[in-house]
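Engineer: Let's see this in three dimensions:
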Amino acid sequence: MISASKVYNEESTKEWLKTIINEREENERRNEEIAERRRQEGIQIEKRRRREEKNTRNGSERKNTRNGSERMYSRNGRERMKWNLSCKKYILKQK
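Structural biologist: Residues are numbered from 1 along each chain as shown. Okay, the predicted model is just below:
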């Protein structure tokens, strides 16, 4: 009787350990899925924000250039810098 009780306790302990390990793994998986979902939502929000920012910029900050085409200026003036560089190259070719 004592040996049967001891075997039962060992089996019960093993089952509890398996249950606890499985629950932890499941919680980890669930947390990873939640983190991935939040990351994807953050990416979508950032894309939407950029698209809205681009749309508002296109409507309000367009300026005519010398050749009549419309050019959009970014916050850091990247397009303006490209235009200035192309002018410098043109002048250097003329010399």
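Engineer: Do you have the helices of this structure handy? List them.
Structural biologist: Along the chain, counting by DSSP state H, helices occupy 2-60, 78-94.
Engineer: Would you single out the least confident of those?
Structural biologist: Ranked by mean pLDDT, the helices of the chain end with helix 78-94 at the bottom, a mean of 71.
Engineer: Would you mind giving the helices of the chain as a markdown table with mean neighbour count added?
Structural biologist: For glycine as for every other residue, the C-beta is placed from the backbone atoms N, C-alpha and C. What follows is the helices of the chain, written out as a markdown table (neighbours: other C-beta atoms under 10 Å):
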| stretch | mean neighbour count |
| --- | --- |
| helix 2-60 | 10 |
| helix 78-94 | 10 |
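Engineer: mind checking how far N27 is from I34?
Structural biologist: Separation of N27 from I34 (C-beta to C-beta, to the nearest Å) stands at 10 Å.
Engineer: oh sorry, the question was meant for E23
Structural biologist: Noted for E23: a distance of 16 Å to I34, by C-beta to C-beta.
Engineer: what's the answer for E26, then?
Structural biologist: E26 is 13 Å from I34, by C-beta to C-beta.
Engineer: now do I21
Structural biologist: Look at I21 and I34: by C-beta to C-beta, they are 20 Å apart.
Engineer: go on, N84?
Structural biologist: Between N84 and I34 the computed distance is 48 Å (C-beta to C-beta).
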